[in-house]
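S.K.: Take this sequence and fold it.
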Amino acid sequence: MEPNPVIITHPLVQHKLTLMRRKQTSTGEFRLLLRELSPLMLYEATRDLPMAMQRISTPMEEIDAPLLSGKKLCFVPVLRAGLGMLDGMLELVPAARVGHVGLYRDPVTLDAIEYYIKVPEDIGERLVIVLDPMLATGHSASAALDRLKAQGARTIRFISLVAAPRGIALLREEHPDVIMYTAAVDRELNEHAYILPGLGDAGDRLFGTK
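M.R.: This is a model prediction of the structure:
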């Protein structure tokens, strides 16, 4: 049985994550590192994509060679921080479809409030990969997965840079069918539900809003 979450320990992933954690890393550097790191994580999360053999002609001869089969992927960034992971993944899979889920966390109750959702009509036929750099309490992630399943998504994976044990436990309980991929499981949350040691607010660091 596959572990859940799958922790991506590749040296390049871990190196870039450490650079992102440093408080002196600038907005531009943070953005570039996230763009570079994201396709490395996608590589790990798509190891079992279905393949089919197709007859092709090389410059030398004809062969049967493997190609991806079925519908293309659907990336769904959770707004707004998830957008920072999107471009790097589209460079790796440019034909993927893209949906969006807009959520914000109520500062008092920590509940996830939806303000936007738009996904492909045939989302139920695609492997859906949800993107959110931070998995903290798990409320926003779980709410996003609820909305996507209500729209017809059936096969979903969740990619985050950093996860907290509390968020992992919530997703395991509420969405046991969703495999999580992360580069690190950090220690805990503070009183404001920020991950410790974490890397701060990923959205603010990505967009330079704080």
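S.K.: Return, as residue ranges, the portions of this structure with sub-threshold pLDDT.
M.R.: In the predicted model of the chain, residues 1, 110 satisfy pLDDT under 70.
S.K.: Scan it for its longest strand.
M.R.: Ranked by residue count and defined by DSSP state E, the top strand of the chain is strand 155-163.
S.K.: and that strand, which residues are buried?
M.R.: Residues 156, 157, 158, 159, 160, 161, 162, 163 are the ones in strand 155-163 that count as buried (16 or more other Cβ atoms under 10 Å). No exception for glycine: its C-beta is placed from N, CA and C like everyone else's.
S.K.: which two from the residues you listed end up farthest apart in space?
M.R.: Pairwise distances across those peak at 19.7 Å for 156 and 162 (criterion: Cβ to Cβ).
S.K.: Distance of residue 170 relative to residue 70?
M.R.: Residue 170 is 30 Å from residue 70, where distance means Cβ to Cβ, to the nearest Å.
S.K.: and what of residue 78?
M.R.: 25 Å.
S.K.: Between those two, tell me which one has more neighbours.
M.R.: Higher neighbour count among residue 78 and residue 70: residue 78, with 25 against 12, using other Cβ atoms under 10 Å.
S.K.: backbone phi and psi for the closest residue in space to that one that isn't next to it in sequence, please?
M.R.: Excluding the flanking residues, the one nearest residue 78 by Cβ to Cβ, 6 or more residues apart in numbering is residue 132, at 4.2 Å. The phi/psi pair for residue 132 (degrees, to the nearest 10) reads phi -160, psi 120.
S.K.: ditto for residue 19
M.R.: phi -60, psi -40.
S.K.: can you count the residues close to it?
M.R.: If we define neighbours as other Cβ under 10 Å, then residue 19 has 15 of them.
S.K.: wouldn't it be in contact with residue 33 here?
M.R.: Yes. Under the criterion of Cβ atoms under 8 Å, residue 19 makes contact with residue 33 at 5.5 Å.
S.K.: Test my guess that residue 131 contacts residue 76.
M.R.: Yes. Counting by Cβ under 8 Å, residue 131 does reach residue 76; the two are 6.8 Å apart.
S.K.: residues shared between the contacts of these two?
M.R.: Contact criterion Cβ atoms under 8 Å, 6 or more residues apart in numbering; residues shared by residue 131 and residue 76: residue 82.
S.K.: With neighbour numbers in mind, choose between these two.
M.R.: residue 76 (30 against 27).
S.K.: I'd like to know how far the more buried one sits from residue 57.
M.R.: Going from residue 76 to residue 57 by Cβ to Cβ gives 37 Å.
S.K.: can you confirm residue 86 is in a helix?
M.R.: Yes. Judged by DSSP: H, G, I helix; E, B strand; the rest coil, residue 86 forms part of a helix.
S.K.: Now do the SS call for the closest residue to it other than its chain neighbours.
M.R.: Once flanking residues are discounted, residue 86 sits nearest to residue 77: 4.9 Å by Cβ to Cβ, 6+ apart. Here residue 77 is strand, with the state taken from three-state DSSP.
S.K.: partner residues bridging residue 77?
M.R.: residue 131 (DSSP bridges).
S.K.: cool, and residue 114?
M.R.: When bridges are called by DSSP bridges, residue 114 pairs up with residue 103.
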